[in-house]
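Undergrad: Build the 3D model from these lines:
(one chain, ligands or ions: 1)
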Amino acid sequence: MTGTDFLQLSPAAAPARGLTGWLADAIRTAIMDGRLRAGAPLPATRLLAGDLGVSRGVIVEAYQRLADEGLVSGRPGAGTRVLGVPRPADPDAAGLGAAGPAAGPPPVPAGWREQAEIDLSPGVPDLSGFPRAAWMRAERAVLEQASVTELGYGDPRGSLALRTELAGWLARTRGLRAGPGDIIVTTGVAQALALLARVLGARGLGEIAVEDPGSRGARDDLAYWGLRPVPVPVDEHGMRVGELARGQARAALLTPAHQFPTGVVLAPQRRRDQLDWAAAADALIVEDDYDAEFRYDRAPVPALHASAPGLVAYAGSTSKTLAPGMRLGWLVPPVRLRAELTEAKYASDLGSPALPQLVLARLIAGGELEQHIRLVRKRQRSRRDALLRALREHLPEARVQGVAAGLHLLITFPGLTSSDADLAEAILRAGVLVQPLSWHRQRPGTPGFVLGYAAHTADRLHEAARRIGQALVSGRGVSGPG
Ligand SMILES: Cc1ncc(COP(=O)(O)O)c(C=O)c1O
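TA: Have a look, this model is predicted:
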């Protein structure tokens, strides 16, 4: 034997004499730098001696030295284990510097999810409906058939099989004209935004226009990666492009097919204005197509990217169709940004995990993804209808918006006197988690609540609406029904 996995020790690296000291030094260093933590077992002396090709006496002696120093426990027969060593209590003492300022409160405060009996957070599909059987069948087939090359480090843009299927899927369902070479597989829209922020920042961009109200998560993500989100108001036609054009931003993040959280579809004139702005200002539109698959009673609108691939970076994912935990998404950037984005993806993680990509490719090719979406769409539509009925009964004053598509709707109360954040706390005390609209705003506006309905049965939605109604009446926000 010439070495061991344990601390990657090799006697070839040891001095000809003094093997014991060399081994004790190596283990001591690993304990001090944290590679060996309190409680970690050291290898049995006989095994380590065999692996290193040295006499067992060398190992016993080295362990004894460490035991004498109080670094390991040395009870014969019980195995040798690492003992704790004092460590700095705070990161400053370790020379890591102080933590930077927090970007703001997270979208859902700590503890809220645990308190809620019914969680109406938007953006989560019915995870109990995940197509486990289809996924398992596809994964088995992939494992049987994947070539060794497909399991290696591949193209950082992702598996060719998935990019080929995605190109067809996005052409069929969203009108995109993109080949496999135009697509970068990501770990979700979130990573697409992170890569874009990195690349745009490196090109000297400091800010990006975002919808107001708009996705708090997306905004925080961009800010984390160094772009300052500048709010541009949204009205019933989508982002007000006139205000965007008066600002300095040379990039804008939009949700054109289903604005988050209002549910507005970007109006035809605004689409044209938006593209004109990008062409005239040499700017980039980032299209977040986060839940495009779920459209119930309105005509489909193609992606903005379909009209101007050179001006739009298109991002989507399976977070709403399959599950957010899959972390599978895609980015279709303009050609001029492709090389830099591919480099950023490579620097981030060398490419997304191969197996889930191959499974998704198979589910698209075999039609299972489409079948799943059809099924879920039907279920979600009937849940939306149930929530609408319940809202009419228990919250007749609410103005309901954004019902034609997606996994959530918005209720607003133009005459509401209390803050929606305070009322969301009162609603939470009644057992229901709703996100106040103000969380998704950068400037003050009409109070309201975002209600995600996809993950709940009609009965639960009815109960949620009843409790929201009661909490609002006792919070004196609105008058009761009838
Ligand atoms: C509007 C919007 N954009 C982006 C995301 C992040 O999506 P992903 O899970 O694909 O990273 C979400 C998640 O809920 C969202 O609601």
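
Undergrad: Three-state assignment for residue 70, please.
TA: Classification of residue 70 by DSSP: H, G, I helix; E, B strand; the rest coil places it in coil.

Undergrad: Could you find the closest non-adjacent residue to it?
TA: residue 83 (6.5 Å; C-beta to C-beta, 6 or more residues apart in numbering). For glycine as for every other residue, the C-beta is placed from the backbone atoms N, C-alpha and C.

Undergrad: The one you found and the ligand: what is the separation?
TA: Taking C-beta to the nearest ligand atom, to the nearest Å as the measure, residue 83 falls 43 Å from the ligand.

Undergrad: Report the contact partners of the residue of the stretch 1-150 of the chain found nearest the ligand.
TA: Nearest to the ligand, among the residues of the stretch 1-150 of the chain, is residue 123, at 3.1 Å (C-beta to the nearest ligand atom). Neighbour list for residue 123: 217, 290, 291, 319, 320, 324, 407, 408, 452 [criterion: C-beta atoms under 8 Å, 6 or more residues apart in numbering].

Undergrad: which one of these has the most neighbours?
TA: In terms of neighbour count, residue 408 stands highest of those at 26 neighbours, by other C-beta atoms under 10 Å.

Undergrad: residues contacting residue 61?
TA: Applying C-beta under 8 Å, 6+ apart to residue 61 gives the contacts residue 20.

Undergrad: wait, I meant residue 221
TA: Residues in contact with residue 221 (C-beta under 8 Å, 6+ apart) are 190, 193, 194, 197.

Undergrad: Just give the closest residue to the first one, not the sequence neighbours.
TA: Going back to what we said before, that points to residue 190. residue 221 (5.5 Å).

Undergrad: Filter the contacts of residue 123 down to the ones in strands?
TA: Within those, residues falling in strands by DSSP state E are 408, 452.

Undergrad: related to what we said a few turns ago, that's a helix at the residue of the stretch 1-150 of the chain closest to the ligand, yeah?
TA: No: in this structure, residue 123 is coil, not part of a helix, as judged by three-state DSSP.

Undergrad: quick revisit: phi and psi next, for the residue nearest to residue 70.
TA: Dihedral angles of residue 83 (phi, psi; degrees, to the nearest 10) stand at phi -100, psi 160.

Undergrad: Please verify my assumption that it contacts residue 40.
TA: No: the criterion here is C-beta atoms under 8 Å, and residue 83 misses it with residue 40 at 10.0 Å.

Undergrad: for the chain, longest helix please?
TA: Secondary structure of the chain per DSSP state H: the longest helix is helix 368-394.

Undergrad: contact partners of the helix or strand following that helix?
TA: Following helix 368-394 in sequence order, the next helix or strand is strand 399-401 (DSSP states H and E). With C-beta under 8 Å, 6+ apart as the test, strand 399-401 has contacts from 262, 263, 264, 388, 391, 409, 410, 411, 412, 413, 414, 448.

Undergrad: Could you do stretch 22-34 as well?
TA: 7, 9, 13-15, 36, 42, 52, 58-59, 62, 65-66, 69, 71-72, 82, 85, 87.

Undergrad: now those: which count as buried?
TA: Taking 16 or more other C-beta atoms under 10 Å as the criterion, what is buried in the contacts of stretch 22-34 is 9, 14, 36, 42, 52, 58-59, 62, 65-66, 71-72, 82.

Undergrad: Which positions in the stretch 251-400 of the chain make contact with the ligand?
TA: The stretch 251-400 of the chain has residues 255, 260, 288, 290, 317, 319, 324, 329 near the ligand, with proximity defined as C-beta under 6 Å from any ligand atom.

Undergrad: what's the offset of the one helix or strand residue 50 maps to from the middle of its chain?
TA: According to DSSP H and E, residue 50 maps onto helix 45-52. Per C-alpha atoms, centre = their mean, to the nearest Å, the displacement of helix 45-52 from the mean C-alpha position of its chain is 45 Å.

Undergrad: List the buried residues of that helix.
TA: 45, 48, 49, 51, 52.

Undergrad: got the CA coordinates for that helix in PDB?
TA: Output in PDB follows, covering the C-alpha atoms of helix 45-52 (Å, rounded to 0.1, in the frame of the first residue of the first chain):
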ATOM      1  CA  THR A  45      -4.200   1.400  14.000                       C
ATOM      2  CA  ARG A  46      -4.000  -2.000  12.200                       C
ATOM      3  CA  LEU A  47      -5.800  -0.700   9.100                       C
ATOM      4  CA  LEU A  48      -3.900   2.600   8.900                       C
ATOM      5  CA  ALA A  49      -0.600   0.700   9.300                       C
ATOM      6  CA  GLY A  50      -1.600  -1.500   6.400                       C
ATOM      7  CA  ASP A  51      -2.700   1.400   4.200                       C
ATOM      8  CA  LEU A  52       0.500   3.300   4.800                       C
END
